[in-house]
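S.K.: Below is the sequence, then the predicted model.
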Amino acid sequence: MNILVTGGAGYIGSHTCIALLKAGHDVIIADNLSNSKRDTIKKIESISKKEVIFYEVDVSCEKSVNNIFSKHIIQGVIHFASFKAIGESVQNPLEYYYNNVVSTMVLIKACENFGVGKFVFSSSATVYGNNEVPFVESMNLLPTTNPYGETKVMSERILIDVANSNPYLSVSILRYFNPVGAHESGLIGESPNGVPNNLMPYITQVAKGKLKKLSVFGDDYSTIDGTGVRDYIHVLDLADGHVAALENLIEGVHIYNLGTGKGTSVLELIKAFEEVNLVEVPYQICGRRPGDIDSCFADVSKVARELGWRAKRDLLSMCRDAWEFEKNNQEICLNVSEE
């Protein structure tokens, strides 16, 4: 199939593009490079030995999106492009609502107008709010603790309503947990612009000396060691989950968790990283961040049953691959204090 991947130069998007190309699909990438880099396109092509088509556009712009759809026969869309930092969404809610929700509406409208029947949406476990863990797809969605989560809830509801009104349109909503790791080549991985918002790239940059120490936000949660517990999943497993969802997509709306089903605390992740890579990660305990919850991990029985997908890589592999990418990453060190 000819697949449009929005945000395809980003962390998860780039790995999914490689998985799509490996599976025999053709890829068109639309990305405004707000949190990604142009040279990732060449790295995708180098790893896959295949060419991709790239548009540097903002997919919340209807004119730009319609231009892509009019130039190519597209069979499916995988929509990653969104702002995704929880803390930042609390500080800048309007930017998050506009970018994340409007882009979803623009894309699904284009699918209707151009007769594209397959739509895979990058959602998040954040939509579960403060439900009891493990999170199950059938749960009622509670109010989330941050605007980022609300943008995902809104986008999900829009897609469900549109799919219910259009029997030609099939939608897969993937609620995934905490992607970490990198491609085994060491060429692509999580390399955000500026100071990282996610935990693993912060760990790798501290280990490399780019940043002085890691800030651990809170040690008074109701967890094994007081730090937040999350379900960390290797980005390559996550990418394979997107391909499985696309290739098995049938009429209607289908919602799946993509995780390992196991929770790991922040301190446990730091310890695993230090042990497998033989490096030290200095850290300091800070106050909680607004919007964070105690624990978040998945019930993954539905996706295993219906798609035959399950995460294959363990926590040590995630830590090892993330560090290998960081060691190969030749960017200039950030002269920034995280304190």
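M.R.: Cool, got the structure.
S.K.: in this structure, which helix or strand is least confident?
M.R.: Ranked by mean pLDDT, DSSP states H and E, the weakest helix or strand in the chain is helix 86-91, scoring a mean of 88.
S.K.: quick one, strands of the protein?
M.R.: Listed in chain order, the strands of the chain (DSSP state E) span 2-6, 26-30, 53-55, 76-79, 118-124, 170-176, 178-180, 214-217, 229-230, 232-234, 252-258, 264-265, 283-286, 295-296.
S.K.: Can you say which of the ones you listed is nearest to residue 107?
M.R.: With respect to residue 107, and counting by CB to CB, the nearest of the strands of the chain is strand 76-79 at 5.6 Å. For glycine as for every other residue, the C-beta is placed from the backbone atoms N, C-alpha and C.
S.K.: follow-up on the earlier one: please produce TSV containing the strands of the chain, extended by distance to residue 163, mean neighbour count and mean pLDDT.
M.R.: Below are these laid out as TSV (distance: least, CB to CB, whole Å; neighbours: other CB atoms under 10 Å; pLDDT from 0 to 100):
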stretch	distance to residue 163	mean neighbour count	mean pLDDT
strand 2-6	17	25	98
strand 26-30	21	23	98
strand 53-55	25	18	98
strand 76-79	13	25	98
strand 118-124	8	25	97
strand 170-176	4	23	97
strand 178-180	25	25	95
strand 214-217	37	18	95
strand 229-230	30	22	96
strand 232-234	26	26	98
strand 252-258	5	21	97
strand 264-265	34	21	98
strand 283-286	42	14	96
strand 295-296	26	21	92
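S.K.: Looking at the ones you listed, spot the one closest to residue 201.
M.R.: Across the strands of the chain, the minimum distance to residue 201, taken as CB to CB, is reached by strand 178-180, at 8.7 Å.
S.K.: What is that closest one packed up against?
M.R.: helix 199-208, strand 232-234, helix 235-247, helix 315-328 (3 or more CB pairs under 8 Å, 6 or more residues apart in numbering; DSSP states H and E).
S.K.: Give me the residues contacting it.
M.R.: 11-12, 190, 198-200, 230-235, 238, 259, 296, 318-319, 322 (CB atoms under 8 Å, 6 or more residues apart in numbering).
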